[in-house]
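Visitor: Curious how this folds, go ahead:
(one chain, ligands or ions: 1)
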Amino acid sequence: MANRRLAPAAEQPESFAFTPDNAEWAQGQIAKYPEGRQASAVIPLLWKAQEQNGGWLPRAAIEAVADQLGMPHIRVLEVATFYTMFALEPVGRYWIQVCGTVPCDSCGSRELKAMLHERLGPPGHVSPDGTFSWLEVECLGACCNAPMAQINHDYFEDLTPESLGRLMDDLAAGRPVKVGSQTGRTSSEPQGAVNTLQDPSLFDGSRIGAWRKRFENGGEGEAANDEAASSEQRAASDPKPARPDAGRAVERPVTDAPAQRVAEGETPVKPEDRADAADGGRSTAQHGEARPTVRAEPSERVAADEPAAAEAGAQSALKRDEPPPQPAASGASEGEIAAEAEESRIEAKLAELPKDASPEQKADAVGTRPTGLDAARAGQPDALTRIKGIGPGNERRLHALGIYHFDQIAAWTRDEIAWVGTYLAFPGRIDREDWVGQARALTKSLSR
Ligand code: FES
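Guide: Prediction:
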């Protein structure tokens with residue numbers, strides 16, 4: 001990064017004033033800001049002063065702008081000396097600003113600077129014919145096409161010392177030049193072959209289709225409204241970081257922690273956990289995952305041929321040269337993973353149906369309709385809106401299916417969850433919001 005100093009006194013003009021046209025333009029800029037905030041126009045005015053003065057800012061121009069905006073001179077000097085877009089010394093007809101920040105540096109900007117140094121002399125030095133001067137600047141925001149340089153108002157990218165040299169020859173000779181990439185790529189497209197984002201499912205809507213379709217489908221507006229209402233409700237009651245939360249330490253409530261079970265009047269340890277404990281932790285969990293044996297003492301571990309310092313449960317049977325297993329998903333809870341799997345399964349089934357299939361036809365294709373009641377028991381339906389995710393609209397639609405009570409929802413099977421979720425046009429959401437779990441808890445609280 002070059003020093004940011006004003007030009008020597010010998011090069012400074014005595015005074016500066018905007019031309020009538022530029023003065024009128026400056027007034028237009030100042031008028032954009034409310035009374036008392038005229039200082040906000042400092043950058044455009046300095047820019048116009050630089051343009052009027054042949055591409056660089058003399059002290060007199062900086063002070064004239066400060067006076068016009070009612071700012072102390074030092075404040076405007078601070079601005080002018082901070083931004084490299086303001087040249088503080090005379091520049092050549094073509095002012096080359098070479099980016100020297102890390103991406104450009106890694107891709108060869110040092111070679112560009114060496115070439116410029118050799119051809120033009122040190123930064124800030126104007127070539128004897130007045131055609132060129134150059135400066136190293138910080139990132140100009142074209143890092144994808146590094147290394148790059150700005151020449152007057154244009155960007156030239158993917159440069160090499162040779163291509164920059166040819167550009168300078170053409171500019172000096174008045175020949176047309178091509179702005180942008182000098183290797184022929186368009187904008188910031190990948191160099192060579194396209195190797196990323198090639199999975200068609202990223203673009204055909206199948207990953208986000210269920211959600212998008214619900215909002216696009218006007219006939220299902222009620223469900224969408226309910227969804228929006230319930231999202232607001234959830235955001236207000238249980239704020240959480242936006243997904244994905246990979247990489248952050250995230251605390252999630254343990255839904256069946258011993259303390260919670262005690263608070264709910266249950267035994268603190270589940271019977272199956274007791275069984276696990278009784279056989280030394282070697283039993284298989286309900287879902288089929290083997291639990292590792294936990295040996296507390298290092299000597300015990302060494303005796304069992306395990307590394308002494310291994311974390312409980314973290315030791316695997318991998319050989320030393322095998323890569324460690326990667327987490328299956330980043331930041332997604334079990335409910336979210338189940339919901340996504342459910343969405344994918346249902347999406348595939350629905351894709352086989354005609355486009356004008358009714359909600360019932362769609363639901364029948366993926367699941368089983370739960371048995372409904374003709375009317376609420378004793379004419380008193382439960383307040384289904386107490387389940388987070390069920391708004392008044394969905395409550396009405398559940399009533400239309402004969403679902404009036406928490407215990408009905410609490411008893412839904414997987415097939416019934418799929419049927420209702422698809423019928424209400426939000427497959428996966430019932431799992432994601434754990435309607436069944438909520439309904440079980442509410443049923444229990446009502447029976448006390
Ligand atoms: S690092 Fe050079 S343009 Fe960003």
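Visitor: switch to C-alpha atoms for all contacts and neighbour counts from now on
Guide: Fine.
Visitor: what is the mean pLDDT for stretch 431-446?
Guide: Mean per-residue pLDDT for stretch 431-446: 88.
Visitor: CA atoms only for it - export them in CSV, please.
Guide: The C-alpha atoms that make up stretch 431-446 are tabulated as CSV, following Å, rounded to 0.1, in the frame of the first residue of the first chain:
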residue,chain,number,x,y,z
ASP,A,431,-42.6,-34.1,12.1
ARG,A,432,-40.6,-30.9,12.2
GLU,A,433,-43.0,-29.4,14.7
ASP,A,434,-43.6,-32.6,16.5
TRP,A,435,-47.4,-32.4,16.6
VAL,A,436,-47.7,-35.9,17.8
GLY,A,437,-45.3,-35.3,20.7
GLN,A,438,-47.0,-32.1,21.6
ALA,A,439,-50.4,-33.8,21.4
ARG,A,440,-49.2,-36.6,23.7
ALA,A,441,-48.0,-34.1,26.3
LEU,A,442,-51.3,-32.2,26.1
THR,A,443,-53.3,-35.4,26.4
LYS,A,444,-51.3,-36.3,29.5
SER,A,445,-51.8,-32.9,31.1
LEU,A,446,-55.6,-33.1,30.4
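Visitor: quick one: terminal-to-terminal distance for stretch 142-154?
Guide: Taking Cα to Cα, to the nearest Å as the measure, stretch 142-154 stretches 12 Å from start to finish.
Visitor: which parts of this protein sit against the ligand?
Guide: Counting by Cα under 6 Å from any ligand atom, the chain comes close to the ligand at 99, 101-104, 139-143, 146-147.
Visitor: what stretches of the stretch 101-250 of the chain score poorly on pLDDT?
Guide: Along the stretch 101-250 of the chain, segments meeting pLDDT under 70 span 208-250.
Visitor: Now do the helices in it.
Guide: Secondary structure of the stretch 101-250 of the chain by DSSP state H, counting those that start in this stretch: the helices cover 102-106, 109-120, 161-173, 209-216, 221-237.
Visitor: just to revisit the earlier point, out of the residues of the chain next to the ligand, which are buried?
Guide: 99, 101, 103-104, 139-140, 142-143, 146-147 (16 or more other Cα atoms under 10 Å).
Visitor: Let me know the closest of those to L120.
Guide: Lowest distance from L120 to these (Cα to Cα) belongs to C99, with 16.8 Å.
Visitor: how close does that closest one get to D105?
Guide: 8 Å.
Visitor: and if you look at P381?
Guide: Distance, P381 to D105, by Cα to Cα: 70 Å.
Visitor: What segments of the protein are strands?
Guide: Under the criterion DSSP state E, the chain contains strands at 94-99, 132-137, 149-151, 154-157, 180-181.
Visitor: Dump those to JSON lines, plus distance to E395.
Guide: Formatted as JSON lines, the strands of the chain follow (distance: least, Cα to Cα, whole Å):
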{"stretch": "strand 94-99", "distance to E395": "61"}
{"stretch": "strand 132-137", "distance to E395": "62"}
{"stretch": "strand 149-151", "distance to E395": "62"}
{"stretch": "strand 154-157", "distance to E395": "59"}
{"stretch": "strand 180-181", "distance to E395": "58"}
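Visitor: do you know which of these lies nearest G421?
Guide: Per Cα to Cα, nearest to G421 of the strands of the chain: strand 180-181, 50.7 Å.
Visitor: strand partners of that closest one, parallel vs antiparallel please.
Guide: Here strand 180-181 is paired, per DSSP bridges, with strand 154-157 (parallel).
Visitor: Only the buried residues of the strand it pairs with, if you could.
Guide: Neighbour-count burial for strand 154-157 [16+ other Cα under 10 Å]: 155-157.
Visitor: just those now: which is nearest the ligand?
Guide: E157 (8.8 Å; Cα to the nearest ligand atom).
Visitor: can I assume that closest one is in contact with A146?
Guide: Yes - using Cα atoms under 8 Å, E157 is in contact with A146, at 6.2 Å.
Visitor: Please report how far the closest residue to G130 other than its chain neighbours lies from I151.
Guide: Counting by Cα to Cα, 6 or more residues apart in numbering, the nearest residue to G130 once its immediate chain neighbours are dropped is G92, at 5.0 Å. When distance is defined by Cα to Cα, G92 is 10 Å away from I151.
Visitor: cool, W134 as well?
Guide: Taking Cα to Cα, one finds W134 at 9 Å from I151.
Visitor: Which one's more surrounded, these two?
Guide: W134 (26 against 20; other Cα atoms under 10 Å).
Visitor: Run through the bridge partners of that one.
Guide: Applying DSSP bridges to W134 gives these bridge partners: I96.
Visitor: coming back round to it: let me have the buried residues of strand 154-157 in TSV, extended by distance to G121.
Guide: TSV is the format used below for the buried residues of strand 154-157 (distance: Cα to Cα, whole Å):
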residue	distance to G121
Y155	22
F156	21
E157	22
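Visitor: Which single one of the residues you listed is nearest to L46?
Guide: For the buried residues of strand 154-157, the minimum distance to L46 (Cα to Cα) is 21.4 Å, reached by Y155.
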